[in-house]
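Trainee: My questions are about this predicted structure, shown below with the sequence.
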Amino acid sequence: MAWIYLVLAGFLEIVWAFFMKKSVGFTVLVPSTITIITMITSFALLSLAMRTLPLSIAYTVWTGIGAVGAFAVGTVILKEAVTPMRLLAALLILVGIVLMKVSDRAG
């Protein structure tokens, strides 16, 4: 169950990052409200995951999902630049997430 909480928390991190961008520095009400609600929920789910998962794994996976997801949303929805270096960086983060998951099974 901890991994489900963690993945949901990671996806909510993507949502709050996107809406934080849309809030224009918390000056637009609806995106600001969505940001705050999803941020609190993301942290709560991360906290639940950390009841059984080690900090080093839970936090790394959570931030990794958020980072790769924000990169994907930025490039696909917000039409931000995609370069080979950025793609490689996202791939390396993704590999790190997979290795953290595998290391949880090994340990």
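Mentor: Thanks, I have it.
Trainee: Looks like G69 contacts I14 (just checking).
Mentor: Yes. G69 is within contact range of I14, at 3.4 Å (criterion: Cβ atoms under 8 Å). For the C-beta atoms, the positions are set from N, CA and C on the backbone; glycine is no exception.
Trainee: list the contacts for L48?
Mentor: The neighbours of L48, taking Cβ atoms under 8 Å, 6 or more residues apart in numbering as the test, are A2, Y5.
Trainee: ok, it to Y59 distance?
Mentor: 14 Å (Cβ to Cβ, to the nearest Å).
Trainee: what do you get for I4?
Mentor: 17 Å.
Trainee: and these two? which has more neighbours close in?
Mentor: Higher neighbour count among I4 and Y59: Y59, with 16 against 11, using other Cβ atoms under 10 Å.
Trainee: what sits up against the strand or helix carrying that one?
Mentor: For Y59, the host element (DSSP states H and E) is helix 55-76. Residues outside helix 55-76 that contact it (Cβ under 8 Å, 6+ apart): 2, 6-7, 9-11, 13-14, 17-18, 42, 46, 49-50, 80-82, 86, 89-90, 93-94, 96-97, 100-101, 103-104.
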